[in-house]
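[1] fold the stuff below for me.
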Amino acid sequence: MRNTRALVTMIIAVVLAFAAVVVAARWISAQAQGSTDKVAVAATDIGLGAKITPDMIRMVDWPSGSKPPGIFNDAKTLESRVTRTSITRGEPIMEGKLAPPGTQGGLSAVVAEGKRAITVRVNDVVGVAGFALPGNYVDILVNTQGEGAGANGRGENISKIVLERILVLAIAQEASRDDTKPKVVNAVTLEVTPDQAEKLDLARSVGSLSLVLRNQVDPSPVNTDGATKATLFNVKAPAQPETKPAAPRPVVKHVAVRAPRPAGTQVEVIKGLARSTQEF
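    Below is the predicted model:
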């Protein structure tokens, strides 16, 4: 009798345990399904300025509590959008990495609002031996003749930094920012403001340009006076000869002289025995 009760108790315990396992599994499954969302990620490496096509996107499950801002849950909303930065395979596609809707592909999609792209001709020296790559910042150095008195009406040569912290958008026809290998090219495209574009165009017409590579995280401006032959060789300007003050000029006073009055007509007047003369 006791064995029968024990057996029944064991069977009931096993059934209850099995039911608890089934209920817990269903609850965990429901919780897992409710805490993830479909998120669009790059199915392949997407280059800068590329137009997104459906074969570049795939949807994956992403935890709801850890979604980055600007994420896309519908792949259709990404069609024909243009990237502003390079996106690697498996990386989530976010709004901050895309150009505004309606933007066409190409380098124009990369140019920031209010900025312009201008290309300057460089060589292996001017282009910092190929180390000025897309995404780097450079300063623009111009070497020209200053204005002033000289044999031909021009001053001495001067070299000065005229533009600072200019972003390199592309080298030649390449805008990829993933490559770190130096590339010697004949042209560099820079991102500038309209005012900087005018200065850069004038600078390359009056002298020769050079690019100065700078630290990407160094925003500190510099203010130099420029380098001339005198400052290069530490030559002091010749002393001016001392000049004596000029002697004071004598003061000449002009005195007005009255002209003599012209002689008038004299008439002798006789009154009895008295005589007098009157002048008219």
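[2] element containing Val120?
    Under the criterion of DSSP states H and E, Val120 resides in strand 116-121.
[3] C-alpha coordinates for that strand, CSV please?
    Extracted C-alpha coordinates of strand 116-121, given in CSV (Å, rounded to 0.1, in the frame of the first residue of the first chain):
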residue,chain,number,x,y,z
ARG,A,116,32.6,73.2,-51.2
ALA,A,117,35.0,70.8,-52.8
ILE,A,118,38.0,72.1,-54.7
THR,A,119,40.9,70.2,-56.4
VAL,A,120,44.5,71.4,-56.4
ARG,A,121,47.4,69.9,-58.4
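[4] output the contacting helices and strands for that strand.
    strand 187-192, helix 194-206 (3 or more CB pairs under 8 Å, 6 or more residues apart in numbering; DSSP states H and E). (Glycine included, C-beta is placed from N, CA and C.)
[5] relative to helix 194-206, how tilted is the first one?
    Here strand 187-192 points in a direction 140 degrees away from that of helix 194-206 (axes from the mean of the first three to the mean of the last three CA atoms, to 10 degrees).
[6] buried sites along stretch 65-72?
    Neighbour counts over stretch 65-72 (16 or more other CB atoms under 10 Å) mark Phe72 as buried.
[7] wasn't Ile11 part of a helix?
    Yes - judged by DSSP: H, G, I helix; E, B strand; the rest coil, Ile11 forms part of a helix.
[8] just give me the neighbour total for it.
    10 (other CB atoms under 10 Å).
[9] roughly how far does the residue lying closest to Thr119 once chain neighbours are set aside sit from Arg26?
    Leaving aside its chain neighbours, Thr119 sits nearest to Thr189 (4.7 Å; criterion: CB to CB, 6 or more residues apart in numbering). The gap separating Thr189 from Arg26 is 59 Å, by CB to CB, to the nearest Å.
[10] do the same with Pro101
    Distance from Pro101 to Arg26, by CB to CB: 43 Å.
[11] centre of the chain to the strand holding Val120, how far?
    Distance, stretch centre to chain centre, for strand 116-121: 13 Å (CA atoms, centre = their mean, to the nearest Å).
[12] still on that earlier bit, so between Thr189 and Arg26, which is more surrounded?
    More crowded of Thr189 and Arg26, by other CB under 10 Å: Thr189, with 21 against 10.
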